[in-house]
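**Q** Fold the stuff below for me.
(2 chains)
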Amino acid sequence: AQSVTQPDIHITVSEGASLELRCNYSYGATPYLFWYVQSPGQGLQLLLKYFSGDTLVQGIKGFEAEFKRSQSSFNLRKPSVHWSDAAEYFCAVGGDSSYKLIFGSGTRLLVRP
Amino acid sequence: DAGVIQSPRHEVTEMGQEVTLRCKPISGHDYLFWYRQTMMRGLELLIYFNNNVPIDDSGMPEDRFSAKMPNASFSTLKIQPSEPRDSAVYFCASRQTSNTGELFFGEGSRLTVL
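**A** Below is the predicted model:
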């Protein structure tokens, strides 16, 4: 079955600290992987995506993610968090034969001043 | 570009009433998706269209829900009759075939059914 697991419901970090949000997926074919961010009252915005090639992908707002096929993971990282990064983050998986994206349950990031 | 436009942003209605949510996708996008977001179930895909044709409606919860896309620039999601458990944020998203996977989301319609 196709699924995405984000094991952390909430994460709190101090401003300036590093961040890693976890994402594990189950997908029968070659996965296309995405991270989206949702600010309160807003829709989802794409941070970055992985289709093929270099397993370390760079996104907007200083985020990056690394695809690890052996671990079925696509963790999101940022070296130094800003207060404006407080939001909910969603990992999603799709495939070239499917136009559907399956979303994880989300991780809410809180940033301490 | 204007982005995906949804209306209304907020809707409060009473149980049994008909609700219609509207979406204008980004011009040139040939796929349109309706998602529902709740605390309990997260983001669920309800239905999606390609070139105005419904492709997969397996996520539509029951017959009370229906969606149409009469042309490339407009889609509706209708709930009739509405129930309190339909309370959620409903998102519309669109994409181009050439831009694999990347969805552009509207700001959502928050529905409250009393």
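**Q** Count residues in the vicinity of residue B:96, would you?
**A** Neighbourhood size, residue B:96 [other Cβ atoms under 10 Å in any protein chain shown]: 13. The C-beta positions use only the backbone N, C-alpha and C, and glycine is treated the same way.
**Q** from memory it sits against residue B:31, does it?
**A** Yes. Counting by Cβ atoms under 8 Å, residue B:96 does reach residue B:31; the two are 7.4 Å apart.
**Q** What ranges in chain B fall below the confidence cut-off?
**A** Low-confidence segments of chain B (pLDDT under 70): B:1, B:99-101.
**Q** Pick out the residue closest to the middle of it.
**A** Ranked by distance to the mean C-alpha position of chain B (Cα atoms, centre = their mean), the top residue is residue B:34 at 3.2 Å.
**Q** Isn't it up against residue B:23?
**A** Yes. Counting by Cβ under 8 Å, residue B:34 does reach residue B:23; the two are 7.5 Å apart.
**Q** what do these two both touch?
**A** Common neighbours of residue B:34 and residue B:23, using Cβ atoms under 8 Å, 6 or more residues apart in numbering or on different chains, are B:75, B:77, B:92.
**Q** Now, these that are in strands?
**A** Judged by DSSP state E, the subset of the shared contacts of residue B:34 and residue B:23 located in strands is B:75, B:77, B:92.
**Q** looking at the shared contacts of residue B:34 and residue B:23, which has the most residues close by?
**A** residue B:92 (29 neighbours).
**Q** residue in chain A nearest to chain B?
**A** residue A:43 (3.4 Å; Cβ to the nearest Cβ).
**Q** in terms of contact, does that residue touch residue B:91 like I think?
**A** Yes. Contact criterion Cβ under 8 Å: residue A:43 and residue B:91 qualify, at 5.9 Å.
**Q** Looking at these two, which one has more neighbours?
**A** Set residue A:43 next to residue B:91 and count neighbours by other Cβ under 10 Å: residue B:91 wins out with 26 against 22.
**Q** touching chain A at all, stretch B:58-74?
**A** No. Stretch B:58-74 is not in contact with chain A by Cβ under 8 Å from any Cβ of the partner chain; minimum separation 8.9 Å.
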